[in-house]
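J.: Need coordinates for the following:
(chains A and B)
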Amino acid sequence: MNATLSYPVRPGSIREAVPTVDQVTIEERAADFTKRSIKTSAKLAGLKMVVSMIDLTTLEGKDTPGRIAYLCRKALRPIEAKYEVPSCGAVCVYPNMVRYARRFLGDNSPVRVASVATGFPSGQYPLRTKLEETRRATGDGADEIDMVMDRGAFLAGDHGRVSDEIGAIKGACGEAHLKVILETGELVTYDNVRLASQLAMEAGADFIKTSTGKVQPAATLPVTLVMLEAIRDYFFATGVRIGMKPAGGIRTAKQSLAYLVMVKETLGDDWLTPELFRIGASTLLNDVLMQIVKTVEGNYQSADYFSLS
Amino acid sequence: MSEPRLDVRKTYKLYIGGGFVRSESGRCLPARNPSGRLLDNFCQASRKDLRDAVAAARGAGEGWAKRSPYLRGQILYRAAEMLENRASAMTEEIARSTGVAAAQARAEVNLAIDRLVYFAGWTDKFTQVFGAVNPVASSHFNFTIPEPTGVVAVLAPDEPSLLALVSLAAPVILTGNSAVVIASERFPLPALSLAEIVATSDLPGGVINILAGKRGELLAHIADHLDINAVVNAVAGAEQALQSGTAINLKRYAARNLSAEEWFTDAGQDPYWIGDTVEYKTVWHPIGL
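T.: The predicted model follows:
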């Protein structure tokens, strides 16, 4: 029976254990989540929840300590207190910027510090430097490490190496949470996304994350749905709750609500918490804030009256 | 033996961001001539269409304002060319909508074309004419220049349906503003036809957006929309609804109180209208230090 498959499957291999994904069904189902009507008080509650789940991100060569301080200030208090908007889930920065974020936020901040690491965004670096980067970032005060999976090794079929590397980085993280970025835009098929999700979860990821934001397409609804289903099945098999982080390309409040709907209808209310669901974004926050103010005040808002993102 | 042919009737769409869209609300209204005969249907803009149009205008504004004044003039002139090219179709549209004689409709189209050409000429002149070099008592070179204010809502009167719209919108966009135009409520078809002509000119999508429908529904949302920087109103009776909201973000408000006949006179071609939707920036430049 295996002879009909286009690639060899070792008995007992992970390829065999992971189900295939029906592209048409996944895309239809994902499109369906955008059709829910969420208005007034439900919308307001949803938008505030989105803010608490945002990993406010800046990953640019031009980042400076001043920019990081600005980002942290915005994550702590996104808007005037009268709108009762919570802090963001975390700030997400490059390893060199971790110490500045930590210094600004202090030790008991509601906003966590996440650092990308392991040769972000390509991951094409030696394991030794990846481990060093991870240790430095956690040493500087990162609560969370967003590592990039080695897509080259994955696509070459060297799943063992991918898995070992995630395990090694998990070891280097210590107390810090590990998010594994699959970079789904480079994985070509949904089957690969599903397989990579399974690999990452088994190797020790606390979160699986869609994208770096440096590759198009980044997060999409269908690709996130594939990963959510992988998380669901992993939970049924092991009882372990893995978190999900779509990142890149989520720019509007409306999109972000569709993601919440998808999480609720795929994994249930347990996952509707910043502990298990995050959205990686930079410009999303302002659109969500504008929608919150619009819902409260009743009139359409202008970017002129919101701080820069 | 030829069978009677079924008419292919058109539903006129709204013009938002360079594309023709049905109303987000899915609503349509019938357009009728003065004797009540159904001409065609057209989409009725909702407050969300207004929101989309403002977003499109905001998106287009920066690029439009950065074009050189000379190029903006060329593009407006091209819009005049396109209208000239379709003058007979537009004449027919006005005549069947409003019931006026073909000769009068043609006169309106011709004047609209001439207005476009007139205002096209102002793109590279308004800065010199309305700007200034100011005498100051210190060693500074002090000058004032007009810059576009941003997104401008334009409320066109019911009549003349084409000419007034063109005369109102041209001085708004020539400086680099983008416009959201609410067309004549009684005779919307000429404005929506104009959209189809503008779409084939080189005017970037979103610089002009044309909405049709019930004005009264939209007024309050225009007035309190924080991303609209100015309102140009030529509709009698709309002041009250507009003024309460415009105070929220101190929008510029310009009234154009012209009778239907006055639009055909020089009163409808006022270069000082350009100054109503610009911001004057004054610069103090140190010299002789």
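
J.: Now do the phi/psi pair for residue 260.
T.: Picked chain A for this. phi -60, psi -40 (degrees, to the nearest 10).

J.: my bad, the chain I had in mind was chain B
T.: Residue torsions, per degrees, to the nearest 10, at residue B:260 are phi -60, psi -40.

J.: That one: neighbour count?
T.: Residues near residue B:260, counting by other C-beta atoms under 10 Å in any protein chain shown, number 13. In this view, the C-beta of every residue, glycine as well, is placed from N, C-alpha and C.

J.: and it, how far is that from residue A:271?
T.: Residue B:260 is 63 Å from residue A:271, where distance means C-beta to C-beta, to the nearest Å.

J.: again with residue B:101
T.: The value you get for residue B:101 to residue A:271, if C-beta to C-beta is used, is 70 Å.

J.: which of these two has more neighbours?
T.: Higher neighbour count among residue B:101 and residue A:271: residue A:271, with 21 against 9, using other C-beta under 10 Å.

J.: tell me the pLDDT at that one?
T.: If you check residue A:271, the pLDDT there is 97.

J.: Ok, the one 5 residues further on next?
T.: According to the per-residue confidence, residue A:276 scores 97 in pLDDT.

J.: Touching, it and residue A:244? I think so.
T.: Yes: counting by C-beta atoms under 8 Å, residue A:276 does reach residue A:244; the two are 7.1 Å apart.

J.: Between these two, tell me which one has more neighbours.
T.: Legend: neighbour count by other C-beta under 10 Å for residue A:276 and residue A:244, higher for residue A:244 (25 against 19).

J.: Model confidence for the more buried one, exactly?
T.: pLDDT at residue A:244 comes out at 97.

J.: before we move on, what about residue A:16?
T.: 69.

J.: By residue count, tell me the biggest helix in chain A.
T.: If you go by DSSP state H, chain A has its longest helix at helix A:221-238.

J.: Now the common contact residues for residue A:276 and residue A:244.
T.: Residues touching both residue A:276 and residue A:244 (C-beta atoms under 8 Å, 6 or more residues apart in numbering or on different chains): there are none.

J.: pLDDT at the residue nearest to residue A:57 when sequence neighbours are not counted, what is it?
T.: Spatial nearest neighbour of residue A:57, excluding adjacent residues (C-beta to C-beta, 6 or more residues apart in numbering or on different chains): residue A:92 at 4.2 Å. Looking at residue A:92, its pLDDT is 97.

J.: Mind giving me the packing neighbours of the helix or strand that contains residue A:92?
T.: Element membership for residue A:92, per DSSP states H and E: strand A:90-93. If you count contacts as 3 or more C-beta pairs under 8 Å, 6 or more residues apart in numbering or on different chains; DSSP states H and E, strand A:90-93 packs onto strand A:54-57, helix A:65-76, helix A:98-105, strand A:112-117.

J.: Show the contacting residues for residue B:30.
T.: Contacts of residue B:30 by C-beta under 8 Å, 6+ apart are B:38, B:39, B:40, B:41.

J.: give me that answer again for 6 Å
T.: If a contact means C-beta atoms under 6 Å, 6 or more residues apart in numbering or on different chains, then residue B:30 has B:38, B:41 as its contacts.

J.: Ok, residue A:151 next?
T.: A:183, A:186.

J.: Just to be sure, residue B:61 is in a helix?
T.: Yes: assessed by DSSP: H, G, I helix; E, B strand; the rest coil, residue B:61 belongs to a helix.

J.: coming back round to it: centre of the chain to the longest helix of chain A, how far?
T.: Going by C-alpha atoms, centre = their mean, to the nearest Å, the spacing between the C-alpha centre of helix A:221-238 and its chain's C-alpha centre is 14 Å.

J.: Just checking, which helix or strand of chain B averages the lowest pLDDT?
T.: helix B:239-246 (a mean of 84; mean pLDDT, DSSP states H and E).

J.: Direction included, what does the helix or strand that it is followed by pair against?
T.: Downstream of helix B:239-246, the next assigned helix or strand under DSSP H and E is strand B:252-255. Strand B:252-255 pairs in its sheet with strand B:230-233 (parallel), by DSSP bridges.

J.: Using PDB, write out the CA atom coordinates for the partner strand.
T.: C-alpha atoms of strand B:230-233 as PDB (Å, rounded to 0.1, in the frame of the first residue of the first chain):
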ATOM      1  CA  ALA B 230     -13.200  69.700   5.800                       C
ATOM      2  CA  VAL B 231     -16.700  69.900   4.500                       C
ATOM      3  CA  VAL B 232     -17.800  71.800   1.400                       C
ATOM      4  CA  ASN B 233     -21.600  72.100   1.500                       C
END
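
J.: Check what contacts it and list those residues.
T.: Here strand B:230-233 has contacts from B:149, B:152-155, B:168, B:242, B:251-255, B:277, using C-beta under 6 Å, 6+ apart.

J.: rerun that using 7 Å as the cut-off
T.: For strand B:230-233, contacts defined as C-beta atoms under 7 Å, 6 or more residues apart in numbering or on different chains pick out B:149, B:152-155, B:168, B:172, B:222, B:239, B:242, B:246, B:251-256, B:276-277.

J.: repeat for stretch B:175-182
T.: B:50, B:53-54, B:57, B:60-61, B:64-65, B:72, B:126, B:146, B:148-156, B:165, B:169, B:172-173, B:206-211, B:215, B:218, B:274, B:277-278.
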